[in-house]
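Undergrad: Sequence first, then the predicted structure, then my questions.
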There are 4 protein chains.
Amino acid sequence: MPKDTFFNLPDDKRERIIEAAIDEFAQRSFHDARVTAITNQAEIAKGSFYQYFEDKKDLFKHIIEIAVGKKIEYVNQDMMQNMQDYGFFQLLRELYLSGVRFAKEHPRLVAIGMQLLSNQELYYEVFGTHAEKSYAFYEDLLRKGMADGELDPAIDIVLASRLLTMFNYALVDFVYEDGKVDLDDMAIIDKMLYIVENGIKRR
Amino acid sequence: MPKDTFFNLPDDKRERIIEAAIDEFAQRSFHDARVTAITNQAEIAKGSFYQYFEDKKDLFKHIIEIAVGKKIEYVNQDMMQNMQDYGFFQLLRELYLSGVRFAKEHPRLVAIGMQLLSNQELYYEVFGTHAEKSYAFYEDLLRKGMADGELDPAIDIVLASRLLTMFNYALVDFVYEDGKVDLDDMAIIDKMLYIVENGIKRR
Amino acid sequence: MPKDTFFNLPDDKRERIIEAAIDEFAQRSFHDARVTAITNQAEIAKGSFYQYFEDKKDLFKHIIEIAVGKKIEYVNQDMMQNMQDYGFFQLLRELYLSGVRFAKEHPRLVAIGMQLLSNQELYYEVFGTHAEKSYAFYEDLLRKGMADGELDPAIDIVLASRLLTMFNYALVDFVYEDGKVDLDDMAIIDKMLYIVENGIKRR
Amino acid sequence: MPKDTFFNLPDDKRERIIEAAIDEFAQRSFHDARVTAITNQAEIAKGSFYQYFEDKKDLFKHIIEIAVGKKIEYVNQDMMQNMQDYGFFQLLRELYLSGVRFAKEHPRLVAIGMQLLSNQELYYEVFGTHAEKSYAFYEDLLRKGMADGELDPAIDIVLASRLLTMFNYALVDFVYEDGKVDLDDMAIIDKMLYIVENGIKRR
DNA sequence: TATGAATGAGGATTCATTCAT
DNA sequence: CATGAATGAATCCTCATTCAT
């Protein structure tokens, strides 16, 4: 958690630091990332860095928090708050859609997230035991879909939640790599949902 | 490529080094991994390391080769060599099964592979442009399955190949994390294939 | 080129570093010279070294620049700027004299220069293609002397320029080795010039 | 001094080692030169090296001895043994000539010699106090020339001996650099002697 | 609070020399 | 005597973090 001094900073300086940090962490793993590169790009003194943050990890965690926050902004809040009014596949589509939009607009944050995923130690330090939260979310969704009779009762909910998560990654990955190419992202999502739907819906 | 001196080493010493390297590379990214940690754990002199390997990267590439070699051992070679005799879903099952067996027995190698995936630069240096090979393999499989009339003609082959790859990761991930829990892995694979099959088979 | 941090250093610390570097480079070839020896003698932290200089070579180049600068201080600037007003042998005497004075007072810089002379690669890296400048200078001087009718028209200018350069080295060498013995340096120069003059003057 | 084992070696192996050593020492300063490079090029085991030589310096000294020996071969032995029958300038010409021939044919040995010249510490260790021997030789020559009335009585013998030495270096240097160009070396020597003769002969 | 110099632990790599076979 | 693996001291350099102003 950054120190108060950081939050008292003029907006533009604070943003310059965040920008620089995102740049650096997107390009290099946490350990490889250099405080010096960040302070240079942000044009702040090296000493100042340690007046704003406890240490490198402190900043990193803050960047992750920002990423998580930004990610949440992308899901249709109205839809999330009135989940009961929507069908399972509608909600799933919305979730995937928001994931794609996010990845398109914040590719560096996605890169940082992927890095983090492949560093267990750091991952648990950042998210604690809340690691499974995202699975839990999909599990709830699946349970509701099943209760509503939309899903094939034979499927294993825990497994399916993993798959839906992975599908999300697959999509993000797909869009991320081809970021430059202006694919019709909607089309991809729908092709994917076509498969998913056939895979798990009730017949 | 390690030097001859390495291959001339007594088996147990060579294995101690490999073990130590796998341990270190499984825990830290390539850059973070320390030659010193490896030589310490393997109980060899730091100088010896450089008589066996060109440099840290040389060892890393060797470890990757070992991992790839081990991975290949796990797939049913008979089945792979007579692919035309098997149905699409049979082959897929075999592939996933081998992936799971491998991950169960070599979780550290899996960890190293995941690390590598998230380091583009290194990845290309290790695999050259053969990067897309695994996608290509699934694409071929899907094309054959479609030609044989096993698959829904409406699905997008490129996208599906990504999904099948991701499913593989999902499985690996599943098994990897819950490695300690003695799940009935067969059951998981079959549950997953149930979904996949419904998702893409011809009706 | 040293970093700004170096030039911002308090004078005495900066000088301590320069002193230590001159000591080390005078005793060992560039490659043999140890950064550690310099930081130890200068009593600065090893890390500080790299805040002042890009690397060892950066410091070395700086030392060479200092030496060249110091060397130039020793020639009679008035005489050099009004060369046309002086005779060939007067100018030559002045040049040799400055060379001797310089060597007497900065024997370590002379040693460094000699080292550099015997390392082609480094030499070109430090001086670029200006390598032949010193020969060229003597050639110009000789050409002028010949045009003014002071020199024997039979002598080969290119060869003579080499000889004059060598004479300079001879003198430096002479003074350098016997540095402690308080010879009458003027006398030596004049004895040498007596020979040179007889060797090349017009009769 | 190499060990007996070295001298008992079959000729071709011994020569391979000498060749490799000359190559390495000609390219790098004593300290930079690598025993490994020598054993590799000579195709002997690293361990063998230390059965032939005490250490790196031992080999180096031997190479220098070889160079000195070779150098001596190049001077007209008949002339040297009957010095009293020849004039000063005749002898000088012969000396320079041999120097040039040597440099033309053994450029690597010359390079090693020059390296050595610029490493005081090593120089004294190799030559001990015999350092001035070459000066002494020229001094004797000059004294004889003066006694015979060939030289200007006004010149300083000590100084002149240094100059003659330097002239030798100048010649070697000249020929060494332009090694490839097939200059008429005789012509150069004579042009130089023309200057030298005018510089110091009796009038 | 801002600054940027100072620090030193830590990392990769090289290489002369020793040693066991 | 030949071999070549083993050794570890030594070297350059990086970088997070501390500290004094």
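TA: Received it, and whenever you're ready, just let me know what you need.
Undergrad: Now chain A against chain B: closest residue?
TA: residue A:199 (3.1 Å; CB to the nearest CB). Every residue, glycine included, has its C-beta placed from N, CA and C.
Undergrad: For DNA strand E, see how far away that residue is.
TA: Separation of residue A:199 from DNA strand E (CB to the nearest atom of the strand, to the nearest Å): 45 Å.
Undergrad: just checking, what's the longest helix in chain A?
TA: Secondary structure assigned by DSSP state H gives helix A:157-177 as the longest helix of chain A.
Undergrad: same for that helix, what does it pack against?
TA: Where contact means 3 or more CB pairs under 8 Å, 6 or more residues apart in numbering or on different chains; DSSP states H and E, helix A:157-177 is packed against helix A:88-105, helix A:107-117, helix A:133-147, helix A:185-200, helix B:157-177, helix B:185-200.
Undergrad: Find the least confident helix or strand in chain A, judged by mean pLDDT.
TA: Using mean pLDDT, DSSP states H and E, the weakest-scoring helix or strand in chain A turns out to be helix A:157-177, at a mean of 76.
Undergrad: between it and helix A:88-105, how many degrees?
TA: 30 degrees (axes from the mean of the first three to the mean of the last three CA atoms, to 10 degrees).
Undergrad: Nearest residue to residue A:199 in space, ignoring adjacent ones along the chain?
TA: Excluding the flanking residues, the one nearest residue A:199 by CB to CB, 6 or more residues apart in numbering or on different chains is residue B:199, at 3.1 Å.
Undergrad: State the pLDDT value of the one you found.
TA: Looking at residue B:199, its pLDDT reads 86.
Undergrad: Same check on residue A:85?
TA: Reported pLDDT for residue A:85: 88.
Undergrad: what's around it, how many residues?
TA: 10 (other CB atoms under 10 Å in any protein chain shown).
Undergrad: Against DNA strand F, how distant is it?
TA: 48 Å.
Undergrad: For residue A:35, which non-adjacent residue is closest in space?
TA: Nearest one to residue A:35, counting by CB to CB, 6+ apart, is residue A:56 at 5.5 Å.
Undergrad: How about residue A:71?
TA: Closest to residue A:71 by CB to CB, 6+ apart is residue A:102, at 5.5 Å.
Undergrad: One more: residue A:75?
TA: residue A:98 (4.3 Å).
Undergrad: cool, and residue A:61?
TA: residue A:126 (5.6 Å).
Undergrad: Over to residue A:119?
TA: Nearest to residue A:119 is residue A:30, by CB to CB, 6+ apart, at 6.5 Å.
Undergrad: burial count for the one you found?
TA: With other CB under 10 Å as criterion, residue A:30 counts 19.
Undergrad: just to revisit the earlier point, was I right about the residue nearest to residue A:199 contacting residue A:195?
TA: Yes: using CB atoms under 8 Å, residue B:199 makes contact with residue A:195 at a distance of 4.3 Å.
Undergrad: any common contacting residues for these two?
TA: Common contact partners of residue B:199 and residue A:195 (CB atoms under 8 Å, 6 or more residues apart in numbering or on different chains): none.
Undergrad: any idea how chain A splits into domains?
TA: Following automatic domain parsing, chain A resolves into domains at A:4-63, A:74-200.
Undergrad: between those domains, which gets nearest to residue D:66?
TA: Residue D:66 lies closest, by CB to CB, to one member of the domains of chain A: domain A:4-63, at 52.0 Å.
Undergrad: ok, now which ones touch residue A:53?
TA: Contact analysis of residue A:53 by CB under 8 Å, 6+ apart lists A:2, A:3, A:6, A:59, A:62.
Undergrad: Read off the pLDDT value for it.
TA: At residue A:53, pLDDT is 96.
Undergrad: same question, residue A:81
TA: 81.
Undergrad: before we move on, what about residue A:19?
TA: Residue A:19 is given a pLDDT of 96.
Undergrad: What helix or strand is it located in?
TA: helix A:11-27 (DSSP states H and E).
Undergrad: And the contacts of that helix?
TA: A:6-7, A:9, A:33-34, A:37-44, A:52, A:59-60, A:63, A:66, A:107-109, A:111-112, A:115.
Undergrad: Residue numbers of chain A in contact with chain B?
TA: A:29, A:31-32, A:114-115, A:117-121, A:152, A:154-156, A:159-160, A:162-163, A:165-167, A:169-170, A:173-174, A:188, A:191-192, A:194-196, A:198-200 (CB under 8 Å from any CB of the partner chain).
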